[in-house]
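Undergrad: let's see this in three dimensions:
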Amino acid sequence: MDSVTLSASTPPNIPASTDRLADEFRRILLSVNFPVEAEIVLDSQYTDLNVKFDQIEAVGVLRRTSDRMTAAGYSQERVVDVYASARKSLLVEICKDLDPNVESEELKGRWTRAAKIAVHVSFPCERRLLDRIFPDLTADIAEACFVEFIEDSALCLLRFTEAIINTGCPSRIFYALDLYELLSGLLPQIRTIFGSKSGESISYEAEKSLSGLSDCVIATFSEHEKALNVDKYRTATAGGSIHPLTRYTMCYMTYLAEYKQTLSKLMEEASSKLELRVSQMIVDLKLNMEYRSKSYKDASLRNLYMMNNLNYIVRKIKKSRELKTMIGNDGLVNELTEEYYRALKLYLELTWESVLDSLRSTEEVKSGVFSSFVSKKVVYRQRLKVFYDKFKKVRGTQSSWIVSDEQLRKEVRSYILSLVIPVYTSFLEKHGSDIERGDHPCICISHSVEKLRKEVEEMFRVESIVS
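TA: Next up, the predicted model:
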């Protein structure tokens, strides 16, 4: 018997009472639904199905009904036909909840549950049920019968991975990785259940689905790599804040790092190394930010923008042990940190050195070299006024600039204060007495050291979204 014809029709010359017996056989078959008991397997509390299987009372009833049908004139082949038709109609329930129109995360969850139940419960129990009811079937015939009534449901389940990963959802790489890991774990059991020649099509479909998931992971990873190089000529962000692409890429990399073992395996199969590709993506992200920074006319803002983005990249790497491991060494982090401090140094030089120029002037005002209308008081007051004007302008401009990370804000403000306060204090100590001579000294020295410190510490604002 090479195949089983799935026909439940009553053979000729069989009495109506026997036909009713076949209907009873079919009714009992449709009442045995193994997935009802599947939560035990999904919770990993029950691995040996034999004990649970033997507790199903209907198994014994089905065996006796099958014997009665044979005794009443049904051939074994006809009884198997009725059996196969009933079980096939029941097994379509495996895929009943797999609606491609539902949200991807929900669909992934439904498929995960259906696949675990099918491979760990439904398929092995179906084979046990067939063997218990028809113990006299030869191995080849039993296998052919089993595969024929289970094949449609098995192939439907395996092919549904395509619907999940072909949604165009930005998170599809994570869905593909989840499904790949799950299906990889199920594959040995699938090969065991469908290890015969009759089951080759199902084992092949499982391996094909696994390969499709692998291709999806590699292709989606490559798409993001390309996006970092293509999408770099657009503008930066307002106020020098962290660019959304930086946030997205680093969060993306952090989540990917949780799949390091699987990703490394897939990359090796694609003849590439995960560590090198991840490191290059981060380097490409940095270069992307450098291109975007050129859209700022203000050089100080350009460097603040790079500080924000470089700090965010380094912070995300340091916070994720998995991501650090996936990168492979500290060389990249050290390089990015050095670039951050170069940007900080440039920001300080471009912004604050010029603000302090008038206070740092080494030219002393000597008596007797000015007309009666010019005095030390006038010169030093003028230098102080230039400083205040520049400080006010910088503060007014940069108070709207964004530094979202609290530690970074503290560090930048600290560096500013370390430059400004000593120079300002020294100037007042040297020339304060000259400035205070005459009318309105308090107007000339409008800022105490503490007031100046406070205004620096109020610079930069916080972006509402920080991750």
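
Undergrad: now do the helices in the stretch 151-300 of the chain.
TA: Listed in chain order, the helices of the stretch 151-300 of the chain (DSSP state H, counting those that start in this stretch) span residues 161-165, 172-193, 200-230, 244-257, 260-269, 274-293, 299-319.

Undergrad: pull out the buried positions in the second one.
TA: Within helix 172-193, the residues that qualify as buried are 172-180, 182-183, 186-187, 190, 193, counting by 16 or more other Cβ atoms under 10 Å. Glycine gets a C-beta too; all of them are placed from N, C-alpha and C.

Undergrad: do the same with the last one
TA: Along helix 299-319, the positions that meet the burial threshold by neighbour count (16+ other Cβ under 10 Å) are 300-314, 316-317.

Undergrad: the fourth one now?
TA: Counting neighbours by 16+ other Cβ under 10 Å, one finds that the buried residues in helix 244-257 are 245-247, 249-250, 252-257.

Undergrad: let's see it as PDB, backbone CA atoms only.
TA: Taking C-alpha atoms only, helix 244-257 is exported to PDB below (Å, rounded to 0.1, in the frame of the first residue of the first chain):
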ATOM      1  CA  PRO A 244      17.000  59.600  16.100                       C
ATOM      2  CA  LEU A 245      19.200  57.400  13.900                       C
ATOM      3  CA  THR A 246      21.800  57.100  16.600                       C
ATOM      4  CA  ARG A 247      19.100  56.200  19.100                       C
ATOM      5  CA  TYR A 248      17.500  53.600  16.800                       C
ATOM      6  CA  THR A 249      20.800  52.000  15.700                       C
ATOM      7  CA  MET A 250      22.200  51.700  19.200                       C
ATOM      8  CA  CYS A 251      18.900  50.300  20.600                       C
ATOM      9  CA  TYR A 252      18.800  48.000  17.600                       C
ATOM     10  CA  MET A 253      22.400  46.800  18.300                       C
ATOM     11  CA  THR A 254      21.600  46.300  22.000                       C
ATOM     12  CA  TYR A 255      18.700  44.100  21.300                       C
ATOM     13  CA  LEU A 256      20.600  42.200  18.600                       C
ATOM     14  CA  ALA A 257      23.300  41.500  21.100                       C
END
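
Undergrad: any idea of the angle that helix forms with helix 299-319?
TA: Interaxial angle, helix 244-257 versus helix 299-319 (axes from the mean of the first three to the mean of the last three Cα atoms, to 10 degrees): 10 degrees.

Undergrad: measure how far the strand or helix carrying residue 430 is from the centre of its chain, please.
TA: Residue 430 is part of helix 406-436 when elements are defined by DSSP states H and E. Offset of helix 406-436 from its chain centre (Cα atoms, centre = their mean, to the nearest Å): 45 Å.

Undergrad: go ahead and measure how far stretch 126-134 is from the middle of the chain.
TA: The chain centroid and the centroid of stretch 126-134 are separated by 43 Å, computed with Cα atoms, centre = their mean.

Undergrad: re the thing from before, which of the helices of the stretch 151-300 of the chain sits closest to residue 396?
TA: Evaluated with Cβ to Cβ, the helices of the stretch 151-300 of the chain place helix 299-319 nearest to residue 396, the distance being 13.3 Å.

Undergrad: show me what the closest one is packed up against.
TA: helix 244-257, helix 274-293, helix 321-327, helix 331-348, helix 406-436 (3 or more Cβ pairs under 8 Å, 6 or more residues apart in numbering; DSSP states H and E).

Undergrad: now the last one and helix 299-319, what's the angle there?
TA: What it means is helix 406-436. Direction vectors for helix 406-436 and helix 299-319, defined by the same axes, to 10 degrees, enclose an angle of 140 degrees.

Undergrad: buried stuff in helix 406-436?
TA: Buried residues in helix 406-436, counted by 16+ other Cβ under 10 Å: 408-409, 411-413, 415-416, 419-420, 423-424, 427-428, 431, 434-436.

Undergrad: who's in contact with residue 310?
TA: Contacts for residue 310 (Cβ atoms under 8 Å, 6 or more residues apart in numbering) come out as 286, 289, 336-337, 339-340, 343.

Undergrad: so how far is residue 457 from the closest residue to residue 360 other than its chain neighbours?
TA: Closest residue to residue 360 in three dimensions, ignoring its sequence neighbours and counting by Cβ to Cβ, 6 or more residues apart in numbering: residue 423, at 6.1 Å. With distances defined as Cβ to Cβ, to the nearest Å, the gap from residue 423 to residue 457 amounts to 17 Å.

Undergrad: same check, this time on residue 451
TA: Residue 451 is 11 Å from residue 457, where distance means Cβ to Cβ.

Undergrad: neighbour count for these two, which is higher?
TA: Here residue 451 and residue 457 are set side by side on neighbour count (other Cβ atoms under 10 Å), and the busier one is residue 457, at 14 against 10.

Undergrad: now do the same contact list for the closest residue in space to that one that isn't next to it in sequence.
TA: Taking Cβ to Cβ, 6+ apart, and ignoring the residues beside it in sequence, residue 457 has residue 413 as its nearest neighbour in space, at 5.5 Å. The neighbourhood of residue 413, defined by Cβ under 8 Å, 6+ apart, consists of 456-457, 459-460.

Undergrad: these into CSV, with extra columns for secondary structure and pLDDT?
TA: Shown next, in CSV, are those (DSSP: H, G, I helix; E, B strand; the rest coil; pLDDT from 0 to 100):
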residue, secondary structure, pLDDT
456, helix, 94
457, helix, 93
459, coil, 93
460, coil, 93
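
Undergrad: how about the helices in the stretch 1-150 of the chain?
TA: Under the criterion DSSP H, counting those that start in this stretch, helices of the stretch 1-150 of the chain are mapped to 16-31, 39-42, 49-54, 57-71, 76-91, 104-117, 123-133, 139-159.

Undergrad: to residue 151, which of the helices of the stretch 151-300 of the chain lies closest?
TA: Of all the helices of the stretch 151-300 of the chain, the one in closest proximity to residue 151, counting by Cβ to Cβ, is helix 200-230 (6.3 Å).

Undergrad: over the closest one, what's the mean pLDDT, rounded is fine.
TA: Across helix 200-230, pLDDT averages out at 93.

Undergrad: stretch 96-103 too?
TA: Average pLDDT, stretch 96-103: 83.

Undergrad: how long is it from one end to the other?
TA: Across its full length, stretch 96-103 reaches 16 Å between end residues, using Cα to Cα, to the nearest Å.

Undergrad: which residues touch it?
TA: If you take Cβ under 8 Å, 6+ apart as the criterion, stretch 96-103 is touched by 107, 110-111, 114, 156-157, 160, 163.

Undergrad: buried sites along stretch 383-396?
TA: Judged by neighbour count using 16+ other Cβ under 10 Å, the buried positions of stretch 383-396 are 383-384, 387-388, 390-391, 394.

Undergrad: how far out from the middle of the chain is it?
TA: 47 Å.

Undergrad: 260 is where my numbering starts, stick with that
TA: Will do, 260 is the new start, and the previous item becomes stretch 642-655.
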